[in-house]
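Participant: Sharing a model that was predicted from the sequence below.
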Number of protein chains: 2
Amino acid sequence: MSEYPISKRNKVKRSHLRGSYDHAAVHAILDAYPLCHVGYLVDGQPYVTPTFHWREGNRLYWHGSSASRMLRTVKQGTPVCLTVTLFDGFVMARSPFHHSANYRTAMCFGNASPLPYEAMEPALKIMMEQYFPGRWDSLRENYEQELKSTTVVSMEIEQASAKVRTGPPVDDEEDYDNVPAWAGVLPMATMVGTPIADPRLKDGTPVPDYLTDYKIG
Amino acid sequence: MSEYPISKRNKVKRSHLRGSYDHAAVHAILDAYPLCHVGYLVDGQPYVTPTFHWREGNRLYWHGSSASRMLRTVKQGTPVCLTVTLFDGFVMARSPFHHSANYRTAMCFGNASPLPYEAMEPALKIMMEQYFPGRWDSLRENYEQELKSTTVVSMEIEQASAKVRTGPPVDDEEDYDNVPAWAGVLPMATMVGTPIADPRLKDGTPVPDYLTDYKIG
């Protein structure tokens, strides 16, 4: 089982038994949800910006407008922390202290760099095909000025950690008998809704297969 | 309408028409989802750690184990960015470039400080009552050593921005006619599941009212 190197930077300090450094554990969380939060630094101030990511092997990608503060910063190679979190439920215990959450989170460290112009479109196609297989070829092609106003960055994951909690509350032994409060888990999940057609969509345009039973989370 | 002061730090740079500095707009997003991502800095490395937050007026609170890297760092008063994001759907346009997301995100800047011991329990009770009204009094009381191993921090929101996108894709005019691809929104929402009783819950313990039709998002 291949693992990310462990150092002070990525060591899970709290509830370390829930932590893992396995590539597979980290990648599974990254692949489960497209939304990440990118942490970066501007003039001593940390920022946390949400965006979509995608992954190829041990490399993460994300993109956006070249005018984005986040992209203008991270493309310079400054240190980045990219975190993906799935909130799976409230864990409701018999004491305030043992309340918790069920969750899956992956924290990835590295330094990003911008893709050269000619590598951008292939990367964006991979993103689209990972999200919506078969969609790319149905779209209008990119204009050069669109690509030129876009930044795509990639980041080799140097270090990472995954942290996962599942299951019921863990209470103090005596509280199971003595406390009458309801205890258990209130589950949360991402629900994918029914596709809403653009009001200007031409009548009769079929809903593509990749949107039927779309899976996320 | 009261607004957060705008400076380089919190100015919405990209798609600024989607941005707002209104207290009400920021607070609405903070209150819609309990999960936030806290950005902070350790030895020049940004970190992004997920946790739960709660709010009173213009002040944010969060808590956890005193052993947490995040809490040990932010309680020193280092600069913090706390971001809450709700991902509301994929926006699927007729060109790759106009694909987007529907989302609500609030980015809050400030400096946190730890609550003194005697203020912790009242704050934790407020958290619980905001999340699950009426639950606190049904629980076993906190032990002193539990509170002593917990850190609660609060942060006045000095500056903030909200950014929201809603609605269908916005395509280039000629693409509406010329591109046959399906276009529209694939909605996403947080689904609250049916409460799962702890396997050790005593038979006949009723599911409390605050878990029935629990609203989130």
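Facilitator: Nice, thanks for sending it over.
Participant: C-alpha from now on. contacts and neighbour counts both.
Facilitator: Fine.
Participant: and for whichever helix in chain A runs longest, what are the contacting residues?
Facilitator: Ranked by residue count and defined by DSSP state H, the top helix of chain A is helix A:117-131. By C-alpha atoms under 8 Å, 6 or more residues apart in numbering or on different chains, the surrounding residues in contact with helix A:117-131 are A:54, A:135-136, A:147-148, A:151-152.
Participant: which SS state does residue A:202 fall under?
Facilitator: Recorded secondary structure, residue A:202: coil (DSSP: H, G, I helix; E, B strand; the rest coil).
Participant: can you tell me how far it sits from residue B:183?
Facilitator: For residue A:202, the distance to residue B:183 equals 9 Å [C-alpha to C-alpha, to the nearest Å].
Participant: The two: which has the busier surroundings?
Facilitator: Legend: neighbour count by other C-alpha atoms under 10 Å in any protein chain shown for residue A:202 and residue B:183, higher for residue B:183 (30 against 16).
Participant: if I pick residue A:87, what's in contact with it?
Facilitator: Neighbours of residue A:87 in contact, by C-alpha under 8 Å, 6+ apart: A:101-104, A:188-189, B:35.
Participant: Tell me the predicted confidence for it.
Facilitator: If you check residue A:87, the pLDDT there is 98.
Participant: which secondary structure element contains it?
Facilitator: strand A:79-92 (DSSP states H and E).
Participant: Run through the neighbouring helices and strands of the helix-or-strand element of chain A with minimal mean pLDDT.
Facilitator: When the helices and strands of chain A are scored by mean pLDDT, DSSP states H and E, strand A:19-20 comes last with a mean of 92. Using 3 or more C-alpha pairs under 8 Å, 6 or more residues apart in numbering or on different chains; DSSP states H and E, the elements in contact with strand A:19-20 are strand A:159-165.
Participant: next SSE after the strand it packs on?
Facilitator: Next helix or strand after strand A:159-165 toward the C-terminus (DSSP H and E): helix A:173-178.
Participant: circling back: how far is the strand holding residue A:87 from where the chain is centred?
Facilitator: 8 Å (C-alpha atoms, centre = their mean, to the nearest Å).
Participant: Show me which residues of it are buried.
Facilitator: A:79-92 (16 or more other C-alpha atoms under 10 Å in any protein chain shown).
Participant: Same check on stretch A:18-30?
Facilitator: By neighbour count, with 16+ other C-alpha under 10 Å as the criterion, the buried positions of stretch A:18-30 are A:19-23, A:25-27, A:29-30.
Participant: what do you get for stretch A:138-152?
Facilitator: Burial within stretch A:138-152, assessed by neighbour count using 16+ other C-alpha under 10 Å, is assigned to A:139-140, A:147, A:150-152.
Participant: Please produce JSON lines containing these, extended by pLDDT and secondary structure.
Facilitator: Shown next, in JSON lines, are the buried residues of stretch A:138-152 (pLDDT from 0 to 100; DSSP: H, G, I helix; E, B strand; the rest coil):
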{"residue": "A:139", "pLDDT": "98", "secondary structure": "coil"}
{"residue": "A:140", "pLDDT": "98", "secondary structure": "coil"}
{"residue": "A:147", "pLDDT": "98", "secondary structure": "helix"}
{"residue": "A:150", "pLDDT": "98", "secondary structure": "strand"}
{"residue": "A:151", "pLDDT": "98", "secondary structure": "strand"}
{"residue": "A:152", "pLDDT": "98", "secondary structure": "strand"}
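Participant: Let's have the residues you listed in TSV, adding distance to chain B.
Facilitator: Converted to TSV, the buried residues of stretch A:138-152 look like this (distance: C-alpha to the nearest C-alpha, whole Å):
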residue	distance to chain B
A:139	5
A:140	5
A:147	8
A:150	9
A:151	12
A:152	12
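Participant: that older thread, now do the next helix or strand after the strand holding residue A:87 and strand A:159-165, the angle between them.
Facilitator: Using DSSP H and E, the next helix or strand after strand A:79-92 towards the C-terminus is strand A:100-111. Orientation check (axes from the mean of the first three to the mean of the last three C-alpha atoms, to 10 degrees): strand A:100-111 against strand A:159-165 gives 170 degrees.
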